[in-house]
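S.K.: A structural model of the following input is requested.
(one chain, ligands or ions: 2)
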Amino acid sequence: MKELYEQLDFKENLLFEKVIADISETKYSIIDDFFTEEEVAVLRNSLLTKYEEEQFKKAAIGNRVNAQIEKAIRGDFILWINEDSHDVLEQRFFDKINELANYLNKTCFMGILYKEFHYAIYPEGTFYKRHLDTFKNDDRRKLSMVFYLNENDWIPETDGGELVLYLSEDGKEGTKTITPFPGRVVIFESQELEHEVKPVKRERLSITGWLKTR
Ligand SMILES: O=C(O)CCC(=O)C(=O)O
Ligand SMILES: [Fe+2]
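M.R.: Ligands and ions are numbered 1, 2, ... in the order given. Coordinates of the predicted model:
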């Protein structure tokens, strides 16, 4: 009889294997070539066009908190991306996400059934204070993913906007500081890693989203 694993319709993907290995070791993974430079440019243009058309809304936190408190916690503007949109570029974006989610389900039995993604823009001077991506009454978010769509001449020393992950190493707290270079993707465990976005000194563009269980 054929072994069960031989019946899985499955082809090894080295990039996804690296993501899995990184996450099981450190709870996060950084990938610098998930999208090509051209794909990043196209997604960036799509974000900027929609922002200029004033489709974005001020991002909220949790369910209902007053606007003043919110501003002291996060200052970004977001636009949720609809997978059923007829935008070819966004379709290509979701194709790649689905490929990864299917791979995780097949190889790690992660039980990813839902996903949600939004464009985000952090105007100069904004930030997002330290937080966890899961809500008290909803822990379906499993993996957080951030895709950076910044311009190619992003300068780490002066442009700010680093993502800081708070890690615990041997009971002590450590941090990992990540520059939002264009084309870079950061994936991390939503329920495990607190993180923050440092103050931005130049408009910062991204897509953020979550792979969710039921
Ligand atoms: O943009 C980032 O680097 C992280 C964004 C974030 O933490 C969030 O939207 O929950
Ligand atoms: Fe977050």
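
S.K.: Same question for the longest helix seen in the chain: list its buried residues.
M.R.: When the chain is parsed with DSSP state H, its longest helix is helix 88-108. Buried residues in helix 88-108, counted by 16 or more other Cβ atoms under 10 Å: 90, 93-94, 97, 100-101, 103-104, 107. For every residue, glycine as well, the C-beta is placed using N, CA and C.

S.K.: if I pick the closest residue to Ala59 other than its chain neighbours, what's in contact with it?
M.R.: Excluding its sequence neighbours, the residue lying closest to Ala59 (Cβ to Cβ, 6 or more residues apart in numbering) is Ile78, at 4.5 Å. Contacts for Ile78 (Cβ atoms under 8 Å, 6 or more residues apart in numbering) come out as 56-57, 59, 118-121, 208.

S.K.: Show me the two of these that sit farthest apart.
M.R.: The most widely separated members of these are Lys57 and Thr208, with 14.2 Å between them, by Cβ to Cβ.

S.K.: burial of the closest residue to ligand 1 within the chain, as a residue count?
M.R.: When scored by Cβ to the nearest ligand atom, the chain has Leu163 as its residue closest to ligand 1, at 3.6 Å. Counted with other Cβ atoms under 10 Å, residues neighbouring Leu163 total 22.

S.K.: still on that earlier bit, contacting ligand 1 as well, which ones from the contacts of Ile78?
M.R.: Thr208 (Cβ under 6 Å from any ligand atom).

S.K.: Give me the more crowded residue out of Lys57 and Thr208.
M.R.: For Lys57 versus Thr208, neighbours defined as other Cβ under 10 Å are more numerous around Thr208 (21 against 11).

S.K.: Tell me if I'm right that that one and Met145 touch.
M.R.: Yes: the criterion here is Cβ atoms under 8 Å, and Thr208 meets it with Met145 at 7.1 Å.

S.K.: Need the overlap of contacts for these two.
M.R.: Jointly contacting Thr208 and Met145 under the rule Cβ under 8 Å, 6+ apart are Phe117.

S.K.: mind showing which ranges of this protein have poor pLDDT?
M.R.: Applying pLDDT under 70 to the chain flags the ranges 1, 5, 7-8, 63-67.

S.K.: Show me which residues of it are close to ligand 1?
M.R.: Residues of the chain lying close to ligand 1 (Cβ under 6 Å from any ligand atom) are 128, 133, 146, 163, 195, 197, 206, 208.

S.K.: okay if I get those residues as JSON lines plus secondary structure?
M.R.: Listed next are those as JSON lines, based on DSSP: H, G, I helix; E, B strand; the rest coil:
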{"residue": "Tyr128", "secondary structure": "strand"}
{"residue": "Asp133", "secondary structure": "coil"}
{"residue": "Val146", "secondary structure": "strand"}
{"residue": "Leu163", "secondary structure": "strand"}
{"residue": "His195", "secondary structure": "strand"}
{"residue": "Val197", "secondary structure": "strand"}
{"residue": "Ser206", "secondary structure": "strand"}
{"residue": "Thr208", "secondary structure": "strand"}
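
S.K.: If we only consider the residues you listed, which is nearest to Pro182?
M.R.: Among those, and counting by Cβ to Cβ, the member closest to Pro182 is Ser206, at 9.7 Å.

S.K.: Right, I'll leave it there.
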